[in-house]
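S.K.: Model the structure of this input:
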Amino acid sequence: METRLAVISVIVEDSGEVEKINQLLHQHAQYIVGRMGVPYRPRNISVISVVMDAPQNVISTLSGKLGMLQGVSSKTMYSKI
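M.R.: Okay, the predicted model is just below:
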C-alpha cells in the first residue's frame, strides 16, 4: 500500500483531553516518524506536531479523530512527493 508523508498540527486548548490524544497517537505509533509538543504557558495551550508516513486514509482518520475531541483543533499538511 502506498504511503504519504504528512504533518498533523494539533492545538490543545483543553488539557483534560491529553490522555485521549496520547491514546490515539499510541494506536498509530507504527506510522509516526516523530512528534514534538510545545507547551505555551502564557495562553495555557499546547501545540503538537506529528510527522507520519502512512496511507492517506490512516492520516486523515487520525487527524479527524483528534479534531473531534473537545478543545482540540487539528490540520494536516501533505508532502508533494
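
S.K.: only C-alpha atoms for contact and neighbour calcs from this point on.
M.R.: OK.

S.K.: residues contacting Leu25?
M.R.: Going by Cα atoms under 8 Å, 6 or more residues apart in numbering, Leu25 touches Leu62.

S.K.: Verify the contact between Gly67 and Ser73 for me.
M.R.: Yes - at 4.8 Å, Gly67 counts as touching Ser73 under the criterion of Cα atoms under 8 Å.

S.K.: shared neighbours of these two, which are they?
M.R.: Contact criterion Cα under 8 Å, 6+ apart; residues shared by Gly67 and Ser73: Val10.

S.K.: Stretch 60-78: end-to-end distance?
M.R.: 10 Å (Cα to Cα, to the nearest Å).

S.K.: ugh, wrong one, stretch 7-21
M.R.: By Cα to Cα, the extent of stretch 7-21 from end to end equals 16 Å.

S.K.: Pull the distance from it to the chain's centre.
M.R.: Mean-position distance between stretch 7-21 and its chain equals 8 Å (Cα atoms, centre = their mean, to the nearest Å).
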